[in-house]
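*Asks:* Predicted coordinates and the sequence they were generated for:
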Amino acid sequence: MSRIKIKNFGPIKEGYQEYDGWLDVKKVTVFIGNQGSGKSVIAKLISTFSWMEKALTRGDYDSKYFERKSKLKNQYLSYHRIENYFSKHGDTIIDYRGDSFHIEYKNGNLKINDAKNGAYPLPQIMYMPADRNFISNVRTPRALKQISPSLSELVTELINAGSAMKGPMLLPINDDVYVEYHKLNDIFYIKGNDYRIKLTESSSGFQSLVPLYLVSWYLSNSVKKQSENTKEPLSSEQRERFRKRVQAINDNPDLTDELRRIAMSDLAKEFTKTAFVNIVEEPEQNLFPTSQRKMLNSLLEFNNMNEGNKLIMTTHSPYIINYLSLAVKAYELKSKMKIKEEKDKLNKIVPISSTVSPKELVIYELDESDGSIKMLGNFEGIPSDNNYLNQSIKIGNIDFDKLLGIEEDLCV
């Protein structure tokens, strides 16, 4: 399990107050909080440092390549457009400890050490930005130019997902609604019982859901297929052997750039991905509550396909937290069931493939007023109702009671 510590970076000041500031990145990790509290900042840092760890493990780059502030700031953090979030006082701390490498930024310097934690599941990392519905608002996704790198990558994987579809695919929204992809004209369609429209003509909910669902489906299945013959993560010895082979290719003066590229491509085929890290901003975006539930269940099902998979989400929706509670409770009930009839009954409420172990779920609350982070409590593994999102609903109910009190006074 990886973990990260963040202090004095953007809206995050003191950060997490417990466990010496370490945030665990579990199989399902959720960040909630107001706008500007730093939810997406943490998600983007996890994305960046997870990718750096993968590149180091695979031997794409050595530690000296990364150990320059300009590389971290101007190249890798600029990918998510957070390169200007460093503290002007020079007291920013970003400490990432993964299964393969320990990467620490402190006092303006970046240091990298081998974590020596044994096996490492090579991940396919995907960042799903909140502005993903933008790519559905043009005639063809390929027509997009000069967009953010994360959106550009999402466009690429969306086209790959469309090309992998064998026909219309049922969407986790409403009833009997499908998405189709026409490769020849590079257009996605939404299809119901008595209509067929372009994705660009559909509602904002479809435009947000289709890229998220299709890319998550495609990448999770792609990783599962890759890992079928390589179920065990690479050991430390295997990683070191792989890095030496990469170094030998890079140091060979007889190889042209083209031959070096081919050699690296052939070598990479031996290093298959065994995990899918799905980082999603606002999975609930523009979706009705029942559709939020179906979407979340799909993401959890994809996440359960491989042991090393991780689902990291930022959310403003109290429904997402509620539905995660259902998934945890269903997991506990599933472990007690022995006969098919019991499991069938459970499956009608929460798909068994979408259940979550309470040990593999963590929810963090971020406070924009002081830049702090705290872990949401739980009762026997079930996320607490006493969270920021439910408190907002409670405040609305209290204010409504106050209005009723004013109404009574007016009638006197």
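*Replies:* Nice, thanks for sending it over. None of these values were measured; they are calculated from a predicted model.
*Asks:* end-to-end on stretch 375-387?
*Replies:* For stretch 375-387, the first and last residues are 10 Å from each other (C-alpha to C-alpha, to the nearest Å).
*Asks:* same question, stretch 373-380
*Replies:* End-to-end span of stretch 373-380 (C-alpha to C-alpha): 22 Å.
*Asks:* Mind listing what's buried along that stretch?
*Replies:* Across stretch 373-380, burial judged by 16 or more other C-beta atoms under 10 Å covers 373, 376. From N, CA and C alone the C-beta is placed, and that goes for glycine too.
*Asks:* ok, and what's touching that stretch?
*Replies:* The contact list for stretch 373-380, computed with C-beta atoms under 8 Å, 6 or more residues apart in numbering, reads 12, 15-18, 23, 32, 38, 358, 362-367, 383-384, 386-387.
*Asks:* in stretch 201-215, what counts as buried?
*Replies:* For stretch 201-215, the neighbour count (16+ other C-beta under 10 Å) marks 202, 205-215 as buried.
*Asks:* quick revisit: list buried residues within the contacts of stretch 373-380.
*Replies:* When neighbours are counted using 16+ other C-beta under 10 Å, those contain these buried positions: 12, 15-16, 23, 32, 38, 358, 362-367, 383, 387.
*Asks:* what's the residue closest to the geometric middle of the chain?
*Replies:* residue 279 (1.1 Å; C-alpha atoms, centre = their mean).
*Asks:* Toward the C-terminus, what is the element adjacent to the worst-scoring helix or strand of the chain on mean pLDDT?
*Replies:* Per-element confidence for the chain was summarised using mean pLDDT, DSSP states H and E. The lowest value among helices and strands belongs to helix 69-70, with a mean of 64. As assigned by DSSP states H and E, the chain's next helix or strand after helix 69-70 is strand 93-97.
*Asks:* Residue 313: what's it in contact with?
*Replies:* Applying C-beta under 8 Å, 6+ apart, one finds that residue 313 lies in contact with 28-31, 279-281, 283, 299, 320.
*Asks:* Nearest to residue 148 among these?
*Replies:* Among the contacts of residue 313, residue 281 lies closest to residue 148 (C-beta to C-beta), at 12.1 Å.
*Asks:* Just give the number of residues close to that closest one.
*Replies:* Other residues lying near residue 281 total 22 when counted by other C-beta atoms under 10 Å.
*Asks:* what do you get for residue 393?
*Replies:* Burial of residue 393 is recorded as 10 neighbouring residues (other C-beta under 10 Å).
*Asks:* Could you find the closest non-adjacent residue to it?
*Replies:* Of all residues not flanking residue 393 in the chain, residue 318 sits nearest, at 6.3 Å (C-beta to C-beta, 6 or more residues apart in numbering).
*Asks:* Just the pLDDT for the residue lying closest to residue 382 once chain neighbours are set aside.
*Replies:* Using C-beta to C-beta, 6+ apart and skipping residues adjacent in sequence, the residue nearest residue 382 is residue 325, 5.1 Å away. For residue 325, the model assigns a pLDDT of 92.
*Asks:* Distance check, residue 325 against residue 4.
*Replies:* Distance of residue 325 to residue 4, computed by C-beta to C-beta, to the nearest Å: 25 Å.
*Asks:* And for residue 385?
*Replies:* Counting by C-beta to C-beta, the gap from residue 385 to residue 4 is 27 Å.
*Asks:* the more surrounded of the two?
*Replies:* More neighbours sit around residue 4 than around the other of residue 385 and residue 4, counting by other C-beta under 10 Å; the figures are 22 against 16.
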